[in-house]
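[1] Fold the following, please.
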Amino acid sequence: MRVAAIVVALLFQQTAPTFLESIEVDVTNLDVVVTTRDGKPVTGLHRDDFAVLENGAPQAITNFAEYGGTRGVAEAVASTTPAAPAPATAEAPPPRKFIFFIDEMSLTDSNRAQLVKSAAELVRTQMRAGDEAMVVTRTKDVMPFTADRDAVLKRLGATLERESRFRADTGPQAEELFFRTSRPSSSDEYKHMARIYATRVNRRVTSTLRTLLGLVGSLNQTSGRKVLIVMSESLTAEPGREAFGLQAIQQSLVPTVTSFSGIVSEGMESAEFSATEASSRASWYDVHPMIKELAARASANGVTIYTLQPDFAGAVKVPGAGADISAPRGVPGRRGQDARGTTFAVSQFQRTIVDGTRDTLGTLAGDTGGKMFIGARELPGGFRQIAEDLTSYYSLGYRSAASSGAFKKIDVRVKDHPDYVVRARRQLLRRTPEREMDEMVAANLIVPRGVNELGIVASAGKPEHQINDSWRVPVVVKIPLSKLTFIPDGDKYRGAFTVHYAVADGADYTTGVYREQTLDIPAREIDAARAQFFTFSSTLVVAPGTMKVAVGVYDRYSRLAGFDQVEVTAK
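    From the prediction side, this is the model:
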């Protein structure tokens, strides 16, 4: 995505300067769950039982409450401002927001039934007056927030049935089939095919992570307890690693090619390189930075992420615990079990995917104060744990020094009780307004915002096909400059705003970018500039297909925003 041109149609006018005062109260609020080692909630703790550290420095707790069921109890905290003492009692627990994100999965009938049952039980027992729930899939099939519990149950059950039915056409299955049926004749050809495979996996994984980024971004201005439940079987932190790290590849090329193609080829080139060399020449991807950013943005928006991996990715059901029919020849496999105890064979190829997915899911849950659950047998207990966390928890607040864009490490402990398990978000991210706007624009692709304070209008021109099968799409944003705020600066008026884009193209891949713009208008021309427009023209480079383009404009002086969305078909 790149900006091709910036065109100023006419200038802005405002009859009088606007003076703004901004007061920021940097209070960091933490939802804290305390349990015993076996997961039972610990109740009855007081403010002085907790210690909060930010980047290793102890922090004074300024707000404290304990919530249990439908009631809350707060403690008065000494205040340096006598006129504004802390409240001595807490109101009822804040309303909750449940977001169910369902990735493509291929589960056995028993595991799928267990997943549907456990998720439905959470909704039935936990949704109460004031709560809302949303159901989202990786392909952005969205049920917006609703307080109708019956509607949520119906949609959640239907979506889980559809998205997790045992089948061979999911993204992960198609990627593996492509790789397993390739027939390279040399080590260089093998590495080329492995690179193509890794690129396909990376595209799916990053698309899913960006969708999740949009989801947590849509929650940055919502109040209450926010829980995102992510269900996925293949969301590896190092897409494609499994194609380069197989034991057979590290030893020689021939066994690997034979096992994947199913055909023994004579005279095939041997790849004699060590495991260390294999790793150094590998070409898989690393999305750890994106995962950490997702966890940080979720934490910044007060979102706790719970993750579930119901099944082993790509595992093959083996009746009677038979041989590992999915493992490449000469590569050891491992076994797992479904909800009914049926043995599954898991090859080293699949084990790498499983471990990489656990890396992703563990980071998202751990950094945000949630928890990860692995395997069908953990599904019932996992959803019960989520219910308990939503029922019994503590709310702590402390004042933090402002530092936009900086990460800070947070550590919450219970004094004198190393035997307790304490879960809370592990980091603090003070975002700039522009970062927040990026989130909201990306979120607009998933959950359209009915807000357009600046009255912007976006339109798209005719797509132009490029040699590399990409398309250039001109996008024009018109901003009624009477809506912008200008402040006097000597003999001129100055305005400043940012223009933000996010695109979900034909490959379901979301991208985003923003551009800054400053306008200086001579004071004598202010009246003549009334009722004119600023036109911002950009060219987006996208993949073929039908795509949505979300646009946002943020006025830095008034802090007002405008949103619009257009749909483009590039083919």
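[2] Break the chain into its domains for me.
    27-90+391-429, 96-390, 451-570 (automatic domain parsing).
[3] Could you save those domains as CSV and add columns showing distance to residue 435, mean pLDDT and mean neighbour count?
    Where C-beta positions appear, they are placed from N, C-alpha and C, glycine not excepted. What follows is the domains of the chain, written out as CSV (distance: least, CB to CB, whole Å; pLDDT from 0 to 100; neighbours: other CB atoms under 10 Å):
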stretch, distance to residue 435, mean pLDDT, mean neighbour count
domain 27-90+391-429, 7, 82, 15
domain 96-390, 8, 78, 19
domain 451-570, 9, 85, 18
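[4] if I've got this straight, residue 428 is in a helix?
    No - read with DSSP: H, G, I helix; E, B strand; the rest coil, residue 428 is strand and lies in no helix.
[5] That one reaches residue 299, doesn't it?
    Yes - the pair residue 428 and residue 299 qualifies as a contact (CB atoms under 8 Å) at a distance of 7.0 Å.
[6] For residue 441, which of the domains of the chain is the nearest?
    When the domains of the chain are compared by CB to CB, domain 451-570 sits nearest residue 441, at 3.9 Å.
[7] roughly how far is the closest one from the heart of the chain?
    25 Å (CA atoms, centre = their mean, to the nearest Å).
[8] Over to stretch 239-246?
    On CA atoms, centre = their mean, the centre of stretch 239-246 falls 24 Å from the chain's centre.
[9] Stretch 27-35 now?
    Centroid separation for stretch 27-35 versus its chain: 21 Å, with CA atoms, centre = their mean.
[10] ok, residue 546 touching residue 504?
    No - here residue 546 does not reach residue 504: they are 9.5 Å apart, not a contact under CB under 8 Å.
[11] Distance check, residue 523 against residue 532.
    Separation of residue 523 from residue 532 (CB to CB, to the nearest Å) stands at 16 Å.
[12] go on, residue 173?
    55 Å.
[13] Please identify the longest helix in this protein, counting by residues.
    helix 187-217 (DSSP state H).
[14] helices or strands next to that helix in the packing?
    The contact analysis (3 or more CB pairs under 8 Å, 6 or more residues apart in numbering; DSSP states H and E) places helix 187-217 against strand 96-102, helix 171-180, strand 225-231, helix 241-244, helix 288-300, helix 433-444, strand 510-522.
[15] Let's see that with 6 Å instead.
    Where contact means 3 or more CB pairs under 6 Å, 6 or more residues apart in numbering; DSSP states H and E, helix 187-217 is packed against helix 171-180, helix 241-244, helix 288-300, helix 433-444.
[16] Outside of the third one itself, list whatever touches it.
    Contacts to helix 288-300, defined as CB atoms under 6 Å, 6 or more residues apart in numbering, come from residues 209, 212-213, 216, 237, 305, 360, 363-364, 367-368, 425, 427, 429, 431.
[17] Now for those residues: which two are most distant?
    Farthest-apart pair in these is 237 and 431; separation 23.5 Å (CB to CB).
[18] chain center to the strand or helix carrying residue 120, what's the gap?
    For residue 120, the element it lies in under DSSP states H and E is helix 109-126. When C-alpha coordinates are averaged (CA atoms, centre = their mean), helix 109-126 and its chain have centres 23 Å apart.
[19] helices or strands next to it in the packing?
    Using 3+ CB pairs under 6 Å, 6+ apart: helix 109-126 touches helix 149-163, helix 379-391.
[20] how about these, which one is nearest residue 118?
    Judging these by CB to CB, what sits closest to residue 118 is helix 379-391, at 4.2 Å.
[21] Report the next helix or strand after the closest one in sequence order.
    Counting by DSSP H and E, what follows helix 379-391 is strand 392-399.
[22] Check which element follows the helix holding residue 120 along the chain.
    strand 132-137.
[23] So which other helices or strands are in contact with that next one?
    So strand 132-137, by 3+ CB pairs under 6 Å, 6+ apart, packs with strand 96-102, strand 142-146, helix 149-163.
[24] Give me the residues contacting the first one.
    Around strand 96-102, the neighbours that count as contacts under CB under 6 Å, 6+ apart are 131-137, 156, 159, 163, 224-231.
[25] Format the helices and strands packed on helix 109-126 as JSON lines; extra columns: distance to residue 65.
    JSON lines is the format used below for the helices and strands packed on helix 109-126 (distance: least, CB to CB, whole Å):
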{"stretch": "helix 149-163", "distance to residue 65": "26"}
{"stretch": "helix 379-391", "distance to residue 65": "14"}
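[26] Next, format the domains of the chain as TSV and append distance to residue 441.
    What follows is the domains of the chain, written out as TSV (distance: least, CB to CB, whole Å):
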stretch	distance to residue 441
domain 27-90+391-429	18
domain 96-390	8
domain 451-570	4
